[in-house]
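Just a sequence and a predicted model for now, questions to come.
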Amino acid sequence: MGVLDQYRLDGQVAVVTGGGRGLGEGIAHALSEAGAAVVVAARRADEVARVAADIESKGGQALAVPTDVTNSQQLEALAQAAVDRFGKLTIWVNNAGGSKAMGPLVDLSPKDWQECVDLNITAVWAATVAAVKRMEEGGSIVNISSLVARGPIPGSGHYGAAKAAVNSLTETFARELAPRIRVNGIMPGYIPTEVMMSALGVDQAGLPALARQLAIPMGTFGTPQDIAAAVVYLCSPASGWVTGQMLPVTGGH
């Protein structure tokens, strides 16, 4: 197999949570372009339908499954839908996450804390359990964490703690599931998606000033395609001897 062939995903079946926009949309398209059939999952039915239709319009295979990842029964149904439609499940990307709440930890409400834990930690665990039940030997799971997992971010302490837990889950799942299934993660840096811009309270006009303030070594914000390319690598035969790793894709930040 040539080196470029090792990045192909022909015959693979992937599920991408949070796939209706932003990073998830980019990941879904990249996996399809590499040859995988893609199940696009998110809460908003119109968004996953649009992404799946876009993939199919380009000659790919896709299925839209509206899913609330904080509901374990819906996660089980999502995993089964992939098998029912495409005959198997070989790739799972835990991309859904985020937090609307911002502020010091001492001011965070119990409700905001629990919602963050449910979406960013419990959902990753439950989704992985659902996937593993149906995943073939040689399968790959990729968890999307965050740069904030590496250090304190005042105002986002709950989110940073949750993403640090995702890193830990990734490493433990990798050890427990090896060698049958590989589990890795990606820690994206600053990418101006709708979620990031909302969290930082910035609009398009404010992005240049924010870029200067952040002093990203590569000089630019990242794009969903930067993360998607890393996901393709971690799901492909090219990374066949890689598991339990958290890959920073941060522009050097």
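Received the coordinates, thanks.

For the most centrally placed residue in the chain, give me phi and psi.
In the chain, the centroid-proximal residue (CA atoms, centre = their mean) is Asn95; its distance is 2.2 Å. Torsion angles at Asn95 (phi, psi; degrees, to the nearest 10) stand at phi -100, psi -30.

hang on, isn't it packed against Gly24?
Yes - at 4.4 Å, Asn95 and Gly24 qualify as touching, with contact defined as CB atoms under 8 Å. To be clear about C-beta, it is placed using only N, CA and C from the backbone, and glycine gets the same treatment.

shared neighbours of the two, anything?
Taking CB atoms under 8 Å, 6 or more residues apart in numbering as the criterion, Asn95 and Gly24 both touch Val16, Thr17, Gly18.

So which of these sit within helices?
The members of the shared contacts of Asn95 and Gly24 all map outside helices under DSSP state H.

Format those residues as a markdown table; extra columns: distance to Ala161, neighbour count and pLDDT.
Listed next are those as a markdown table, based on distance: CB to CB, whole Å; neighbours: other CB atoms under 10 Å; pLDDT from 0 to 100:
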| residue | distance to Ala161 | neighbour count | pLDDT |
| --- | --- | --- | --- |
| Val16 | 25 | 35 | 98 |
| Thr17 | 20 | 27 | 98 |
| Gly18 | 19 | 29 | 97 |
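
shaky segments in the stretch 151-253 of the chain?
Confidence mapping of the stretch 151-253 of the chain against pLDDT under 70 gives the ranges 199.

in it, which spans are strands?
181-188, 246-249 (DSSP state E, counting those that start in this stretch).

Of those strands, which stretch is the most buried?
Of all the strands of the stretch 151-253 of the chain, strand 181-188 has the most neighbours on average by mean count of other CB atoms under 10 Å, namely a mean of 24.

Could you list every helix and strand in contact with that one?
Strand 181-188 makes packing contacts with strand 135-144, helix 157-177, helix 224-235, strand 246-249 when contacts are defined by 3 or more CB pairs under 8 Å, 6 or more residues apart in numbering; DSSP states H and E.
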